[in-house]
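**Student:** when you get a sec, could you give me coordinates for this:
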Amino acid sequence: MRISQSHRRLNLSYTLYSHKGSGGFAIEAALTLAQAPHSVVEIDTRGGEQFSDEFRAINPWKQVPALTLPDGSIMTESAAMVIHLAAALPDAKLAPMPGSAQHAAFLRWIVFMTINIYESDLRVYYPARYTDEMKGRDGVKRAGMDHFRRGLQTMEDVLDPGPYILGETFSLADIYLAMVYVWYPEEIDLPRIHALKNQIAQHPVIGPIWHRHFGSK
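**Tutor:** Alright, predicted model coming up:
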């Protein structure tokens with residue numbers, strides 16, 4: 001698909017550059033929940049479209065997701081986008097009010113999941129990024145799996161009593177957790193996260209997006 005160059009001029013909507021199953025899910029879910037005008041450009045990462053000159057002009061790191069804001073500026077990093085959209089679209093109540101104790105918790109767990117779980121996922125699936133020795137890749141994957149598992153277990157404990165990360169308050173942090181949870185490549189006994197994931201997969205607004213990204217997971 002040809003990449004739009006509309007990020008170079010002012011428009012009234014968001015453009016999300018994404019790929020099915022990627023961190024773009026959380027961003028698309030946020031925009032949809034907020035009823036924010038947006039379009040989604042599917043980047044063929046298996047075909048290497050992220051390495052094209054057009055996409056490198058959008059994200060020099062050559063990764064999805066990337067987001068063009070209505071003023072034409074560009075964001076990368078899914079956690080940063082989640083935090084920004086919650087603040088930019090306050091009527092949607094995607095996160096608690098900035099400055100509140102609950103917002104502090106929201107920021108804490110979004111950053112925790114990004115640093116510990118999202119990063120572990122990259123070590124599991126892309127070990128070559130973390131070592132230049134072929135024989136070291138298995139060790140990178142093993143360490144990544146262990147860190148991944150411990151990060152998810154931490155979030156399982158956070159959901160007690162739940163039902164959400166922030167207790168009775170649903171937020172984008174819950175969507176983010178469901179997303180990183182299904183990236184774990186093995187069966188894992190985390191009933192609270194699993195129940196949260198099922199709730200999101202069955203949500204009348206988010207559910208269709210979930211199934212397009214993750215199928216029956």
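**Student:** and the most centrally placed residue in the chain, what is it in contact with?
**Tutor:** Relative to the mean C-alpha position of the chain, the nearest C-alpha, by C-alpha atoms, centre = their mean, is the one of residue 23, at 3.3 Å. Residue 23 makes contacts with 64, 65, 78, 118, 179, as judged by C-beta atoms under 8 Å, 6 or more residues apart in numbering. For glycine as for every other residue, the C-beta is placed from the backbone atoms N, C-alpha and C.
**Student:** any idea how far the spatially most distant residue from the centre of the chain is from residue 125?
**Tutor:** Farthest-out residue of the chain from its mean C-alpha position, per C-alpha atoms, centre = their mean: residue 135, at 30.5 Å. Look at residue 135 and residue 125: by C-beta to C-beta, to the nearest Å, they are 19 Å apart.
**Student:** pLDDT score assigned to the closest residue in space to residue 167 that isn't next to it in sequence?
**Tutor:** Nearest non-adjacent residue to residue 167, counting by C-beta to C-beta, 6 or more residues apart in numbering: residue 161, 7.5 Å away. Note for residue 161: predicted pLDDT of 96.
**Student:** surely residue 161 forms part of a helix?
**Tutor:** No: in this structure, residue 161 is coil, not part of a helix, as judged by DSSP: H, G, I helix; E, B strand; the rest coil.
**Student:** and it, how many neighbours?
**Tutor:** 7 (other C-beta atoms under 10 Å).
**Student:** same thing with residue 111?
**Tutor:** 12.
**Student:** which secondary structure element contains the closest residue to it other than its chain neighbours?
**Tutor:** Leaving aside its sequence neighbours, residue 111 sits nearest to residue 79 (C-beta to C-beta, 6+ apart; 6.6 Å). According to DSSP states H and E, residue 79 maps onto helix 78-88.
**Student:** show me where this structure has helices.
**Tutor:** 24-33, 53-58, 78-88, 101-112, 119-125, 137-158, 172-183, 191-201, 207-214 (DSSP state H).
**Student:** quick one, which of those helices is nearest to residue 166?
**Tutor:** helix 101-112 (5.4 Å; C-beta to C-beta).
**Student:** neighbouring contacts of that closest one?
**Tutor:** Counting by C-beta under 8 Å, 6+ apart, 79, 82-83, 86, 95-97, 151, 154-155, 158, 165-166, 169, 171-173, 176-177 sit against helix 101-112.
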